[in-house]
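J.: what shape does this take:
(one chain, ligands or ions: 1)
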Amino acid sequence: MGQGKFITLEGTEGVGKTTNLELIRDEVAGAGHSVVTTREPGGTPLAEEIRELLLAVREEPVSETTELLLMFAARAQHVATVIRPALEAGQWVVCDRFTDATYAYQGGGRGLDAEVIHTLENIVQCGLQPDLTIFLDVSVETAARRIAERNHDRFEREQVAFFERVRTAYLERAANHPRIRVVDASVELDQVQGNLRELLAQFLSESS
Ligand code: Z5A
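T.: So this is what the prediction gives:
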């Protein structure tokens, strides 16, 4: 059996990743593939515990380096015990966020050095990269309106300027990495999902 494909979903907060993950899973499964859906930070019991540490609102300030290392600690566990075994077994993996989020949030948002992120990426992933990344793009104001009613976690409490830097970092990465496809997620959900189906149909036919 051949290696499965690795699809990741990215965006700033509240762009509709969770809403659209199911559609992506159904399209891939409908083409006859066995699919694993997962998320970062998280995706294994240990990595989910690290997620709780990362998202908790706390009085103690979290150093940017601590945040970065915790992201990669969770990822190391997730890659080793979920993502790589599934891909090697021929399953397709659809993951809500992956390392592009680290370049966008810890790199763009927090201002950490991309070279440091790249070094950790090499250690943890040993060359593993998504085959397709879908970046759902919405203005920071629209996304914030969509999640206004929720209790906000430690990241969601950041200021607009932080999310603008994150979005810019994503768009710059998309311009430099052809695997990252930008989808306008500011339009009606039906339209977003129509565009996602089209994109996935093309990817599935290229992958068969
Ligand atoms: N993080 C990081 O810093 N570094 C890393 O390396 C990684 C992550 C991997 C948790 O991620 C935090 O971790 C994240 C970045 C950081 N923090 N932030 N911000 P997360 O993915 O769990 O958190 P999130 O981005 O906040 O996800 P979310 O809140 O679940 O948002 P979403 O999944 O993108 O949106 P949604 O829940 O699907 O949709 C939001 C609402 O909009 C909902 O009511 C929908 O019904 C509605 N919606 C969706 N689409 C539409 C359209 N088209 N029109 C109108 N309304 C819509």
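J.: flag every buried residue along the helix or strand bottoming out on mean pLDDT in the chain.
T.: Lowest by mean pLDDT, DSSP states H and E among the helices and strands of the chain is helix 140-146, with a mean of 92. Neighbour-count burial for helix 140-146, counted by 16 or more other CB atoms under 10 Å, picks out 140, 143-144. C-beta coordinates here come from the backbone N, C-alpha and C atoms, glycine included.
J.: could you do stretch 28-45 as well?
T.: 28, 31, 33, 35-44.
J.: centroid residue for the chain?
T.: Against the mean C-alpha coordinate of the chain, by CA atoms, centre = their mean, the closest residue is Arg97 at 1.3 Å.
J.: for the closest residue to that one other than its chain neighbours, grab phi and psi.
T.: Distances taken as CB to CB, 6 or more residues apart in numbering put Glu40 closest to Arg97, at 4.6 Å, once the chain neighbours are dropped. In terms of degrees, to the nearest 10, the main-chain angles of Glu40 are phi -130, psi 150.
J.: is it true that Glu40 touches Ala76?
T.: No - using CB atoms under 8 Å, Glu40 makes no contact with Ala76, being 11.3 Å away.
J.: residue contacts, the nearest residue to Gln3 once chain neighbours are set aside?
T.: In this structure, Gln3 finds its nearest non-sequential neighbour in Leu87, 5.5 Å apart by CB to CB, 6+ apart. Leu87 is in contact with 3-6, 93, 128, counting by CB atoms under 8 Å, 6 or more residues apart in numbering.
J.: is it fair to say Leu87 lies in a helix?
T.: Yes - the assignment for Leu87 (DSSP: H, G, I helix; E, B strand; the rest coil) places it in a helix.
J.: and it, how close does it get to Ile180?
T.: 19 Å (CB to CB, to the nearest Å).
J.: kindly report the same for Met71.
T.: 19 Å.
J.: out of these two, which sits in the busier spot?
T.: The neighbour comparison of Met71 against Ile180 (other CB atoms under 10 Å) goes to Met71, with 25 against 19.
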